[in-house]
Structures are given as structure tokens and as C-alpha cells.
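Student: sequence plus the predicted model coming up.
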Amino acid sequence: MVDRSSGVAVHRQIATALRDKISAGEFAPGEKLPSETQLIETYGVSRETVRKAVQLLESDGVVNVLQEKGVFVRPPAAITRLARSRLSRAARAKNEGAFLADAKAQGFTPSTSVRVRFEPADERTAELLAIEPGAEVTVRDRVMRANGLVVQLAVSRLPREFTRGTAIEEVNTGPGGAYARLEEAGHEIGRYVEDTGARMPTDEERTQLQLPPGTPVLTVTRIAYREDGTPLEMNDMTLPADRYRLTYEWAAD
């Protein structure tokens, strides 16, 4: 309940109470808060007062309000994506490449949901992979989580001629991931090229990543090339701009 004689606006009291519960871990990052109706009953106030309390929490960056979905505790910032040795053979051999490297360095528990499908290459895919439009590609569609919260969407496409008969066409690619399976099949990776950008998210991305209104996403498109320059894979990654920091490091020689 609220103290109407305290001199503190009622909606601010409610916001403080909810903030305290979030800080105490009663509502975990990414968890949905009680509905408007539940909050009205809990605090004995009007719908307008509850909405003002939620607006205050949203403006303070404590919660994300998703239209027709509800109010969610905002995930903590930030994950540092260090472009240094994240794709090295040594890191992959220890099963610590890419997203797993970020997890090891920053102490979060990683998990990934994977869907595998096959499709004809559209014009962009054909251009980036140097194949004919309509050629069959293997698609690995991944949702990546840190401590259970979605923090990255990644969609890899590979010419099917390189994946047929390998674990790349399975949900679990095995130790070292898809790149290790490519090299086992004789496709030695020579280099990677990444193109980084920013844009506003689609409705689906906004929902999956639990983004507050007006929050952009970072985009990273990586191409893995064979030693002879043949493109082996393109990976389109979508990262929430309020939760990710891209860090680049390279030698001076």
C-alpha cells in the first residue's frame, strides 16, 4: 500500500517500491512485471497512477514497455564484444570462440537456440557468397542468451555444397562449431571480414530483444573466406545497442 500522507507523490512511491523489488531480485532481468490490473489491486490506486509509475521507471531505464506484451525488467548493460582472437583456431579448439569467448571473459552463462533450414539464395546472399541466385544454402538461425536473456540474433548462411553431409546441418555442430567442421571438410579458413552498422529494429527484433521504444540495433555482417578467397559463410548478427559495446584491438605492426 501507499502512504498518502507522506508528501511524496503516489506514483513515485509505487515506482520506488517496484525499483526496490527489482534491486532485491524479486523480479529478475527480463522478467515481466505484474499487470496494470494487478498493480492497481496491490497498491489501491487508479490506472492512471500505475501508468505514471511505469512511465517513471521506463524513463529511468529500469524497465522496458513492450506494446501489447507488458512491462519487463530491463536487462543489464553491457556485453563487450572484443574483436581480437575470438575466432582463432586456438579459441575454437577450447570451445571458447565468438559468443562463448564473450561469456568466458565477462562471466555470464551463455545459451543458444538453433533452427536449421535450407533455402534458395536471394540476390544479396548470392552476391556475398559468390554463388548463383537460387542456389541452395544452409541457414543456421540462432537466438543467443546471456543468463537466460536474449542478447543477440544471428543468422548464418552457407552454400549447401560445403555443408552437405556435415554436422553443420545439425542443430549441434560439435566442439569448435561450424568453422571447425568446415576445416575438417578441407575448407581452411583464411580470413574474416566484418561490416558493422546501425539501424532501427524490426517489430520482431524489438520483441525478441525486449527493446524500449526508440532503441536502435547494431548490425554486424561477417564473411568467412577460404584460403583461396572463396566465401564459405555469411553471418548476419543483430545486437541491442543499449546492451553491447564493440571493441576492436589489433597489433601496430
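Tutor: Noted; the coordinates are in hand.
Student: show me where the stretch 51-200 of the chain has its helices.
Tutor: 89-93, 99-106, 123-129, 160-163, 177-184 (DSSP state H, counting those that start in this stretch).
Student: Thr207: which of these is closest?
Tutor: helix 99-106 (21.0 Å; CB to CB). Every residue, glycine included, has its C-beta placed from N, CA and C.
Student: returning to what we had before: so can I have CSV of the helices of the stretch 51-200 of the chain showing mean neighbour count?
Tutor: Listed next are the helices of the stretch 51-200 of the chain as CSV, based on neighbours: other CB atoms under 10 Å:
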stretch, mean neighbour count
helix 89-93, 15
helix 99-106, 18
helix 123-129, 16
helix 160-163, 19
helix 177-184, 20
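Student: next, format these as JSON lines and append distance to Glu26 and mean pLDDT.
Tutor: Shown next, in JSON lines, are these (distance: least, CB to CB, whole Å; pLDDT from 0 to 100):
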{"stretch": "helix 89-93", "distance to Glu26": "38", "mean pLDDT": "61"}
{"stretch": "helix 99-106", "distance to Glu26": "25", "mean pLDDT": "70"}
{"stretch": "helix 123-129", "distance to Glu26": "46", "mean pLDDT": "98"}
{"stretch": "helix 160-163", "distance to Glu26": "46", "mean pLDDT": "97"}
{"stretch": "helix 177-184", "distance to Glu26": "37", "mean pLDDT": "93"}
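Student: so which of the ones you listed is nearest Ala53?
Tutor: helix 99-106 (32.3 Å).
Student: can you list the domains in the protein?
Tutor: For the chain, the structural domains run 10-73, 80-247, going by automatic domain parsing.
Student: list the contacts for the residue nearest to Ile223 when sequence neighbours are not counted?
Tutor: Spatial nearest neighbour of Ile223, excluding adjacent residues (CB to CB, 6 or more residues apart in numbering): Val193 at 4.9 Å. Val193 is in contact with 222-223, 225, counting by CB atoms under 8 Å, 6 or more residues apart in numbering.
Student: ok, and the most crowded of those residues?
Tutor: Arg222 (19 neighbours; other CB atoms under 10 Å).
Student: what residues are up against that residue?
Tutor: Per CB under 8 Å, 6+ apart, neighbours of Arg222: 192-195, 233-235, 237.
Student: element containing it?
Tutor: According to DSSP states H and E, Arg222 maps onto strand 217-226.
Student: and the angle for that strand with helix 177-184?
Tutor: 10 degrees (axes from the mean of the first three to the mean of the last three CA atoms, to 10 degrees).
Student: how about strand 217-226: buried residues?
Tutor: Neighbour counts over strand 217-226 (16 or more other CB atoms under 10 Å) mark 217-220, 222-226 as buried.
Student: now stretch 128-142
Tutor: Neighbour-count burial for stretch 128-142 flags 128-129, 131, 137-138, 140, 142 (criterion: 16+ other CB under 10 Å).
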